[in-house]
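Undergrad: Below: sequence and its predicted model.
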Amino acid sequence: MINFKLHRRHWGWLTFTLVFGLSLFLGALFGLSKPANAAPAGNPPSQATAYAGSQACAACHKEIHTDWTSTRHAHAFSSPIFQRDWSELSKQTSCLQCHTTGFNAQDGSYAEEGVTCEACHGPFQPDHPAAQMPIKPTAELCANCHKSTTDEWRASPHSAANVRCQSCHNPHAQTPMADSITALCTNCHKERGDSFTHSTHASVGLECSNCHMYTAPREGDPIGGLVSTGHTFSVGSEACIGCHQDTVHTRDELVKLGGVVIPTPEVDVEELQRTIQSQEELISNLRVAGQSRLYTGLIQGAVIGLVTGGAAAWIVSRRIRVIEVEENE
């Protein structure tokens, strides 16, 4: 009986250890796991059989194909900027959803590099050209990759007036549907276009988009490839400041224009110091509270782990005791 009790005690500790060990293993496995890299371009993609490739389209649509070859869509995969950023992200396969054609999320394969004809028109149809290639020229099609730009457009008057992406953009050449931006805008905004033509802005070579699609100059690479594109078409003060920094930010120039001297309010330095000290104390308290919550969470996790492991060990030990009694009977 003494040997059996020791054996039963060992089983309880073994169960407890297994529960903790399994939890640690699963946590480590989850933490160390990385997204699978895309299948090498030389491997046959699993979806390639459904796609004919851009060269097949060029046989009949040579002019459109020629225009497309110089666009960002055509070089969406080969772009040095994309290749650099993609490498820094450990070549996550999710990026290929927009930078390749015929991407298969299950195995990371794709039919062709870049955004080709079939990325928008779909896989080649065997009965084409008798049947047209299916495509829905809506903002939802562009939003599959250009989500931030489409979200801006949805908040604009253009969206309310059903002025869609293809109304302004040539989808194949990715150029405006006019000789210039101003000419494009005046197709609808004729009255404003006439007044703008004789303005000082127009005389120095500015176009409608310089103000209505103004975006601040980027000082670094965009985060995740997402940038503001000005597709709300609203004009804010930042558009004026972008060109008129001296006029807007120079007090002497404002005095010269208005002829009124506005006294500068006195600043209470001691009050500012007290405010800074109060903010620093608040930040310090928040840090202490954060550390306290961290330790509390660790303690709670340890307690839950002990209770769970202990319960599992007790159940196993109890099961052995029941089996012992049944065997004795």
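TA: Right, received. Where do you want to start?

Undergrad: now the helices for the stretch 151-300 of the chain?
TA: Applying DSSP state H, counting those that start in this stretch to the stretch 151-300 of the chain gives helices spanning 157-160, 165-168, 181-185, 190-197, 200-203, 208-212, 237-243, 245-249, 251-258, 269-328.

Undergrad: weakest of these by average pLDDT?
TA: When the helices of the stretch 151-300 of the chain are ranked by mean pLDDT, helix 251-258 comes last with a mean of 56.

Undergrad: Distance from the chain centre to stretch 210-229, please.
TA: 14 Å (Cα atoms, centre = their mean, to the nearest Å).

Undergrad: contacts for it?
TA: 81-82, 85, 147-149, 152, 185, 201, 230-231, 233-236, 238-240, 242 (Cβ atoms under 8 Å, 6 or more residues apart in numbering). For every residue, glycine as well, the C-beta is placed using N, CA and C.

Undergrad: so which of the helices of the stretch 151-300 of the chain comes closest to residue 55?
TA: Residue 55 lies closest to helix 165-168 among those, at 24.7 Å (Cβ to Cβ).

Undergrad: residues of that closest one that come out buried?
TA: Across helix 165-168, burial judged by 16 or more other Cβ atoms under 10 Å covers 165, 168.

Undergrad: Pull the distance from that helix to the chain's centre.
TA: In terms of Cα atoms, centre = their mean, the centre of helix 165-168 is found 23 Å from the chain centre.

Undergrad: and what of stretch 276-283?
TA: 35 Å.

Undergrad: So for it, what gets flagged as buried?
TA: In stretch 276-283, counting by 16+ other Cβ under 10 Å, buried: nothing.

Undergrad: Same check on stretch 89-102?
TA: 91, 93, 95, 96, 98, 99, 100, 101, 102.

Undergrad: of all the residues you listed, which comes closest to residue 196?
TA: Distance to residue 196, by Cβ to Cβ, is smallest for residue 98 among those, at 35.5 Å.

Undergrad: Buried subset of the contacts of stretch 210-229 as a PyMOL selection?
TA: In PyMOL, this line selects whichever of the contacts of stretch 210-229 come out buried by 16+ other Cβ under 10 Å:
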select buried, resi 82+148+149+152+185+230+231+233+239
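
Undergrad: Residue 97 reaches residue 110, doesn't it?
TA: No. Here residue 97 lies out of contact with residue 110, judged by Cβ atoms under 8 Å, at a distance of 9.3 Å.

Undergrad: overlap in contacts of those two?
TA: Common contact partners of residue 97 and residue 110 (Cβ under 8 Å, 6+ apart): residue 103.

Undergrad: export the helices of the stretch 151-300 of the chain to CSV and tack on distance to residue 122?
TA: What follows is the helices of the stretch 151-300 of the chain, written out as CSV (distance: least, Cβ to Cβ, whole Å):
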stretch, distance to residue 122
helix 157-160, 25
helix 165-168, 17
helix 181-185, 29
helix 190-197, 38
helix 200-203, 43
helix 208-212, 32
helix 237-243, 39
helix 245-249, 49
helix 251-258, 58
helix 269-328, 49
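
Undergrad: quick one: which of these is nearest residue 126?
TA: Closest approach to residue 126 among those (Cβ to Cβ): helix 165-168, 26.8 Å.
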